[in-house]
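1. Sequence plus the predicted model coming up.
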Amino acid sequence: MRCRNVLLRLDQHRTGELENTESTELNRHVETCGSCNDSLHELDRFAELVQLLGSSSPGSCEREKLDRVSTSGGEAWVIFGERGIRMIDRSEISEAELRDQYCVERGIALERSPLPDGLRRQVIDSLQGDGCPSPEVDLSGLGEFERQVLTTIVAIPRGEVRPYAWVAREIGRPRAVRAVGNALNKNPLAPVLPCHRVVPTGGGIGNYALGSPKKMALLRREGVNVEYLERLGQLGVRLIGLGDRGYFCYPTCANVVQSDPAQRVDLRDDRQAAQRGFEPCPRCRPVAMSA
């Protein structure tokens with residue numbers, strides 16, 4: 001691949017939208033071409049700066065506040081403003097460290113203030129695994145792609161999971177699976193915005209910014225049979241057909257959970273489902289549905 005072709009594809013490569021063969025070829029070129037390698041790093045840095053500039057918008061800087069929430073599901077620092085929750089930090093960081101870090105990264109000073117009851121309830125419910133169907137959050141500091149990803153995952157019902165590829169398809173960027181993963185890994189509002197409900201397209205539970213054990217714990221509290229999903233992933237089962245309904249679904253879809261186990265058919269993919277005469281479930285939408 002020539003330098004000119006690489007430069008034309010760098011942004012698609014960064015967001016994960018290139019085909020695997022093109023991405024592999026581009027990676028090989030970048031490894032041996034210092035100029036293109038520098039261009040890729042500059043593009044990554046530019047994307048970070050754009051996001052940082054967005055997070056420093058004057059509309060909410062002066063009103064950002066900080067409070068601590070403690071629940072049976074853990075503790076968290078919550079940063080919020082007039083438009084809703086801006087960030088949740090579940091690490092062991094001290095208040096002073098969080099203030100300094102936030103100031104350096106966003107140029108915004110935080111003041112300690114009581115979290116409004118409505119927002120506190122949303123955080124508590126999310127940490128305890130009860131979920132938050134209508135979160136009040138402020139995503140103004142994020143880029144358009146990140147906002148699309150995070151608002152989409154709110155539609156994943158409590159007790160269910162969807163693959164990264166589903167999220168990419170739902171936002172109209174079916175090739176941006178890797179970029180979706182990156183956006184979810186940086187989710188500043190977990191678990192109110194439930195990135196723990198997104199799993200690898202290839203099966204299993206996958207990673208989580210706070211560690212797989214916390215992801216599993218959250219899913220279990222929401223009623224997901226984690227061990228069942230892991231077994232299906234090991235067996236290469238991605239979908240479940242329902243013989244009595246004629247649908248094929250994602251394994252955690254409510255239609256599967258409520259079905260007769262004797263009517264369930266393990267499926268590798270949508271092609272096998274079609275060959276067996278199953279139609280895609282209109283509820284969990286395992287493939288792109290026509291309008």
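-> Cool, got the structure.

2. ok, then the element right after the worst-scoring helix or strand of the chain on mean pLDDT?
-> Within the chain, no helix or strand scores below helix 34-55, which has a mean of 62 by mean pLDDT, DSSP states H and E. Downstream of helix 34-55, the next assigned helix or strand under DSSP states H and E is strand 65-71.

3. Please identify the buried residues of the following helix or strand past that next one?
-> Note on strand 65-71: by DSSP H and E, the next helix or strand toward the C-terminus is strand 74-81. Buried residues in strand 74-81, defined by neighbour count with 16 or more other C-beta atoms under 10 Å: 76, 77, 78, 79, 80, 81. Heads up, the C-betas are built off the backbone N, CA and C, glycines and all.

4. repeat for stretch 119-136
-> 119-120, 122-129, 131-132, 135.

5. picking that back up, in JSON lines: the buried residues of strand 74-81, plus distance to residue 65.
-> Below are the buried residues of strand 74-81 laid out as JSON lines (distance: C-beta to C-beta, whole Å):
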{"residue": "76", "distance to residue 65": "14"}
{"residue": "77", "distance to residue 65": "11"}
{"residue": "78", "distance to residue 65": "9"}
{"residue": "79", "distance to residue 65": "7"}
{"residue": "80", "distance to residue 65": "6"}
{"residue": "81", "distance to residue 65": "7"}
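
6. what's the closest of these to residue 183?
-> residue 79 (19.0 Å; C-beta to C-beta).

7. The closest one and residue 110 touch, don't they?
-> Yes: in this structure residue 79 lies within contact range of residue 110 using C-beta atoms under 8 Å: 6.4 Å.

8. what touches both of these two?
-> Here residue 79 and residue 110 share the contacting residues 64, 65, 66, 102, scored by C-beta atoms under 8 Å, 6 or more residues apart in numbering.

9. hey, what's the second one bridged with?
-> To tie it back to what came earlier, the one meant is residue 65. Residue 65 has these beta-bridge partners by DSSP bridges: residue 80, residue 111.

10. on that earlier part again, from the buried residues of stretch 119-136, which land in helices?
-> Those of the buried residues of stretch 119-136 mapping onto helices are 119, 120, 122, 123, 124, 125, 126, 127, per DSSP state H.

11. Same question for whichever strand or helix holds residue 25: list its buried residues.
-> For residue 25, the element it lies in under DSSP H and E is helix 20-32. Using 16+ other C-beta under 10 Å as the burial criterion, the residues of helix 20-32 that qualify are 23, 25, 26, 29, 30.

12. Who are the packing partners of that helix?
-> When contacts are defined as 3 or more C-beta pairs under 8 Å, 6 or more residues apart in numbering; DSSP states H and E, helix 20-32 packs onto helix 3-14, helix 34-55.

13. And that helix, how far out from the chain middle?
-> The chain centroid and the centroid of helix 20-32 are separated by 26 Å under C-alpha atoms, centre = their mean, to the nearest Å.

14. do stretch 113-133 as well
-> For stretch 113-133, the distance to the chain centre is 19 Å (C-alpha atoms, centre = their mean).

15. which of the shared contacts of residue 79 and residue 110 are the two that sit furthest away from each other?
-> Applying C-beta to C-beta across those, the maximum distance is between 65 and 102, 11.4 Å.

16. Contacts made by stretch 152-163 with the rest, please.
-> Outside of stretch 152-163, the residues within contact range by C-beta under 8 Å, 6+ apart are 130-131, 133, 135, 167, 170-171, 184, 193-195, 197-201, 219, 222-224, 229, 238, 250, 252-254, 257, 284.

17. swap the cut-off to 6 Å and go again
-> The contact list for stretch 152-163 (C-beta atoms under 6 Å, 6 or more residues apart in numbering) reads 131, 167, 170-171, 194, 197-199, 201, 222-224, 252.

18. Next: stretch 275-291.
-> By C-beta under 6 Å, 6+ apart, stretch 275-291 touches 169, 239, 241, 246, 247, 248, 249, 250, 253, 255, 270.

19. List the contacts of the first one.
-> When contacts are counted by C-beta under 6 Å, 6+ apart, residue 169 touches residue 288.

20. so is it in a helix, a strand, or just coil?
-> Three-state assignment for residue 169 (DSSP: H, G, I helix; E, B strand; the rest coil): helix.
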